[in-house]
Each structure stands twice: as C-alpha cells, then as structure tokens.
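S.K.: Next input, structure requested:
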Amino acid sequence: MAEYDGVKVQEQKTRGEIYVHLWWYIGIGSKRSTCSLGRRSGLTKATINRARLAKEKELALQPGRIGAGQSPTWGSWVDQYLELRADLSVGSVRLVNQACDYLSAWLVKCKRGKQTRLDQLTRSDVARFRLWLSEQTVKKRAIQQTTVAKHISTLSTVFGSREGALKLDLIPYNPFDREKKSVKTETKGHPDFTPEQIEDLFNACPNTAWRSLVALCLLSGVRLGEALSLAWDDVQWGEGRFIATSQKLTGNKPKQRTVMMEPELEQVLLAGFEAGDQKPAAISSHNLTKNMKEIIKRAGMQPWKDSFHALRRWRDSTWKLKHPEYVVDAWLAHSAQVSREHYLTVPEHLYRPPGIADKIKARIDEMSADELEWFLKKIEDHQAKRGEN
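M.R.: Modelled structure (predicted):
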C-alpha cells in the first residue's frame with residue numbers, strides 16, 4: 001500500500017507541449033492525486049519549487065486533502081468502521097447501525113445513495129439531514145429531539161477525529177462537527193426510599209433471585225445488565241465489594257470495576273447463595289419492567305418511570321451525601337458531568353429533620369375537634385392560594 005511521502009514533480013508531453021504536474025499518493029490504495037501547473041515553457045524552476053512547497057504546506061495543515069476526491073463511499077465506510085471498532089458492545093453496534101441506516105435512507109431520498117463519497121457530504125447536507133430526521137416517525141410517533149441528537153452524536157463519531165474517518169485523513173473535516181449533539185432535558189427524579197420501604201420492596205419480591213436483583217440495583221446502583229451478568233465469583237465476601245462487568249469493551253475484554261457492597265446487600269446476596277441460586281440475579285430477562293412494577297405495587301408504592309434506572313439515580317444521590325464525589329463516580333462508572341446533569345436530585349428527607357413527622361402526628365392526635373377543624377381549614381386555604389399562584 002502506497003503512503004503519502006510528499007509532493008513530487010512530473011513533466012508530461014501532450015500534443016507537442018510539455019506540461020508540469022504535481023502528484024502525491026493519497027495514502028489509501030495505490031492511486032495518486034495530481035495537480036497541473038500548466039505549460040513548462042511558462043514556468044521557472046523556482047516557480048515550480050514554490051508551488052510544490054505550497055502544496056506540501058497545504059496538505060500538512062489539512063491532511064484530509066491528501067485524499068481529496070478519493071475518499072471511500074459511504075456504504076463501504078460503514079462496514080470498514082465497524083471492523084475497526086471491535087471494542088464496541090452489541091448495544092453500541094446496534095446504535096451505530098440505526099444512525100447509519102437513517103443517513104443512508106436520506107442519501108437515497110436525495111438520489112445520491114450509498115455511493116456518495118465521504119468528502120462529498122457537507123455541513124449544509126448535515127443540517128438538512130437533521131431537519132429530515134426530526135420529521136421521521138417510529139411506530140406513528142415523532143422521533144424525540146434527544147434521539148435525534150443521539151444519532152447526530154453517533155454519526156459525528158463515525159466521521160470524527162478520535163475514531164472515525166477524519167482520524168484516518170479520509171476527509172478534510174468532520175461535517176457533523178458543528179451540530180448540537182445533546183439536548184438539555186429536565187433531570188429525572190427518583191423515589192425517596194425510607195428503610196421501611198426498602199424492606200417492603202424486598203419482601204414483595206417473589207424469590208431470592210428477584211430480591212438480589214432489586215438489592216443490586218438499589219443498594220449498589222449497578223446497571224440492569226451488570227446486575228443480570230453478575231456471578232458468584234465476582235462477589236468478594238467479607239471484603240465489602242464485588243466486581244461489576246460492563247457490556248462495553250476495553251480492547252477485546254469487557255470493562256470491569258470494583259463496586260462497594262453495603263452490608264445489607266451482602267446479606268441479601270448471601271441468602272440467595274445459600275438458597276442455591278446459580279448466580280445472584282438468576283432470572284429471565286423477559287418482562288423485567290412489567291414484573292418490577294408488580295413488585296412495587298405489592299410493596300404498597302406507586303410505580304415510577306424507569307423502574308430500574310431510577311434506583312441507580314437514588315443510589316447516586318444518597319451515596320454522594322456520605323462519600324466523595326469521585327469515589328461514587330468510580331463505583332457507578334459515569335462522569336461527574338453526567339451525574340450532575342442526569343442523576344443528582346435533592347433527597348426529599350433532607351427537607352424534614354428525622355422524627356419531625358412523628359412529632360406532627362402526635363400533635364394532631366392531641367388536638368380537639370375544633371382545633372383539628374381549624375387546622376384542616378388552614379391547610380385548605382393555603383393549598384388554594386398556592387393553586388392560584
């Protein structure tokens with residue numbers, strides 16, 4: 001394979017005239033790119049040398065120009081990119097394929113197709129593609145802007161300088177580099193569990209495997225997939241920790257990290273181990289959310305959105321009241337920025353000192369009928385004023 005090794009000068013005779021060309025290998029395959037300087041009779045050696053040095057400087061500043069006009073087609077690059085990214089998890093590959101399918105569909109709609117070269121896609125094209133993507137529907141529902149931003153971010157990586165085409169100098173610039181790759185959303189809340197509610201949730205589980213799954217997501221904040229893949233060998237009994245395995249890969253190996261194991265979690269896992277479960281969360285992955293909602297109802301609570309992920313958000317918020325931020329982020333395997341933007345909320349129990357609810361209840365019990373009627377009337381008036389505002 002020929003690689004770029006500078007700009008060369010070549011003279012070529014055409015129709016009785018000698019022409020001067022600059023040429024250089026494009027770095028992908030054995031083809032080369034050329035640039036004509038015109039007739040030899042009108043050029044001096046100094047002029048030719050200045051032109052050669054100027055072209056070398058241009059290509060040094062913009063390496064993607066080396067292969068201008070010779071970039072791979074969009075269809076072939078998708079396959080090459082996935083071959084180069086053997087570290088991607090199954091879920092990440094699926095996300096890349098979804099984003100690439102949308103871009104391929106848009107190129108077909110524009111009558112350009114998968115044979116479009118990478119360097120032919122401009123920032124203007126990307127802006128029109130984003131607008132088209134925002135108008136698409138999935139199961140008769142419009143695609144949300146967060147999903148659009150996620151696909152744009154994925155395609156920016158495919159074209160980008162870290163792992164994509166720009167890194168390999170196949171394009172002069174990343175056409176997705178100026179597009180917004182995230183949409184600000186409100187931080188999702190989470191239930192504020194009391195020790196009694198946690199116990200009720202465990203008691204509502206049908207068996208030890210389900211109890212272990214709920215305890216892992218609630219008390220250690222691991223992701224659902226990490227909890228389901230946990231093995232008994234990963235649990236370090238008596239050392240207050242276990243090894244969580246992520247679906248993401250480092251090289252060809254799954255990412256692993258050490259997570260702190262609360263004493264309550266260790267007791268739940270030990271019960272499952274003694275019961276003979278094959279692994280901590282030895283349950284089917286089918287209908288997990290539906291079954292989790294049934295457990296929440298049996299525990300006397302109202303089901304919440306993101307049945308499992310809400311438990312992770314609760315653990316992040318409560319752990320950071322007791323442990324340094326960088327430690328909790330290491331246990332949960334996300335950045336401080338992600339935590340602040342998507343996880344952290346102020347726990348409800350901080351608004352009321354411990355025992356205040358019991359004191360209020362005791363005071364109400366001591367009220368006479370007239371005092372209680374006056375008290376309830378005050379509450380109604382206060383709520384009515386809040387509703388007006």
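S.K.: Where does the prediction get shaky in the stretch 251-389 of the chain?
M.R.: Across the stretch 251-389 of the chain, the ranges flagged by pLDDT under 70 are 251-254, 348-359, 386-389.
S.K.: Show me where it has its strands.
M.R.: 253-260 (DSSP state E, counting those that start in this stretch).
S.K.: just the helices in it please.
M.R.: Along the stretch 251-389 of the chain, the stretches classed as helices by DSSP state H, counting those that start in this stretch are 263-274, 288-298, 309-319, 325-332, 336-342, 356-366, 369-388.
S.K.: Please save the CA atoms from the second one in CSV.
M.R.: Listed in CSV are the C-alpha atoms of helix 288-298, where the atom choice follows Å, rounded to 0.1, in the frame of the first residue of the first chain:
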residue,chain,number,x,y,z
LEU,A,288,-38.5,-7.4,33.7
THR,A,289,-40.1,-4.0,33.8
LYS,A,290,-43.6,-5.4,33.9
ASN,A,291,-42.7,-7.8,36.8
MET,A,292,-40.8,-5.0,38.6
LYS,A,293,-44.0,-2.8,38.5
GLU,A,294,-46.0,-5.6,40.1
ILE,A,295,-43.4,-5.9,42.9
ILE,A,296,-43.6,-2.2,43.5
LYS,A,297,-47.4,-2.4,43.8
ARG,A,298,-47.2,-5.3,46.2
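S.K.: and that helix, which residues are buried?
M.R.: L288, N291, M292, I295, I296 (16 or more other C-beta atoms under 10 Å). For the C-beta atoms, the positions are set from N, CA and C on the backbone; glycine is no exception.
S.K.: Contacts only, for the closest residue to L218 other than its chain neighbours.
M.R.: Closest residue to L218 apart from its sequence neighbours, by C-beta to C-beta, 6 or more residues apart in numbering: L311 at 4.4 Å. By C-beta atoms under 8 Å, 6 or more residues apart in numbering, the contact list for L311 reads H190, V214, C217, L218, G221.
S.K.: Over to A333?
M.R.: Taking C-beta under 8 Å, 6+ apart as the contact definition, A333 lies against A244, S246, K255, R257.
S.K.: and those, which are buried?
M.R.: A244, S246.
S.K.: Tell me the one among the contacts of A333 nearest to D329.
M.R.: D329 lies nearest to R257 out of the contacts of A333, by C-beta to C-beta, at 10.7 Å.
S.K.: who wins for proximity to F159 among the helices of the stretch 251-389 of the chain?
M.R.: Set against F159 and scored by C-beta to C-beta, the helices of the stretch 251-389 of the chain come closest in helix 336-342, at 23.5 Å.
S.K.: Just the residues contacting that closest one, thanks.
M.R.: In contact with helix 336-342 (C-beta under 8 Å, 6+ apart) are residues T187, K188, R313, D316, K320, E325, Y326, V328, D329, L332.
S.K.: will you turn the buried residues of helix 288-298 into a markdown table that also has distance to T73?
M.R.: Listed next are the buried residues of helix 288-298 as a markdown table, based on distance: C-beta to C-beta, whole Å:
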| residue | distance to T73 |
| --- | --- |
| L288 | 41 |
| N291 | 47 |
| M292 | 46 |
| I295 | 51 |
| I296 | 51 |
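S.K.: which one of those sits closest to P303?
M.R.: Using C-beta to C-beta, the buried residues of helix 288-298 come closest to P303 at I296, 4.8 Å.
S.K.: Please report how far the closest one lies from C217.
M.R.: Note on I296: its distance to C217, by C-beta to C-beta, to the nearest Å, is 12 Å.
S.K.: what does A51 give?
M.R.: Counting by C-beta to C-beta - A51 and C217 are separated by 65 Å.
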